[in-house]
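>>> Have a look; sequence and predicted model below, questions after that.
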Amino acid sequence: MTVEVDYNDGYKYTGFAVPEDSTTGFTYANIVNIAPLSMPGVRFLVECPQEVAESQNPVKVIFTLGNDEYEYAIR
């Protein structure tokens, strides 16, 4: 799965996967280091300028799973 944020209909920011860690909350370890048969949660982080949080411009998150794309409008 990939995650992307589209801000103001054109400014795009790509997310990255971060596995949850029971001790620290989450870890920056590479997603491929998840132990077999374990079931940690995975969060996707997207770094955006502070303007994205402070403005009223449109923001949507685009999730891509294989050939399927899903959009979620935040505002």
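Alright, I've got the coordinates. Numbering: from 1, shown residues only.
>>> Parallel or antiparallel, list what pairs with the lengthiest strand in the chain.
Using DSSP state E, we find that the single longest strand of the chain is strand 11-19. Applying DSSP bridges to the sheet, strand 11-19 is found paired with strand 2-7 (antiparallel), strand 42-46 (antiparallel).
>>> which parts of it are buried?
Using 16 or more other C-beta atoms under 10 Å as the test for burial, strand 11-19 gives 13, 15, 18-19. Any C-beta I mention is one placed from the backbone N, CA and C, and that applies to glycine too.
>>> quick one: average pLDDT of it?
When pLDDT is averaged along strand 11-19, the result is 90.
>>> Same check on stretch 65-73?
What stretch 65-73 shows for mean pLDDT is 96.
>>> Would you mark the buried spots in it?
Within stretch 65-73, no residue counts as buried by 16+ other C-beta under 10 Å.
>>> Out of the strands paired with strand 11-19, flag the one nearest Gln56.
Using C-beta to C-beta as the measure, strand 2-7 is the one of the strands paired with strand 11-19 that comes nearest Gln56, at 11.6 Å.
>>> hmm, who's touching that closest one?
For strand 2-7, contacts defined as C-beta atoms under 8 Å, 6 or more residues apart in numbering pick out 12-15, 44, 46, 48, 52, 57-64.
>>> For that strand, C-alpha coordinates in CSV please.
The C-alpha coordinates for strand 2-7 follow below in CSV (Å, rounded to 0.1, in the frame of the first residue of the first chain):
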residue,chain,number,x,y,z
THR,A,2,1.1,3.5,-0.6
VAL,A,3,-0.2,6.8,0.9
GLU,A,4,-0.1,10.2,-0.6
VAL,A,5,-1.5,13.6,0.6
ASP,A,6,-2.8,16.0,-2.1
TYR,A,7,-2.9,19.6,-0.7
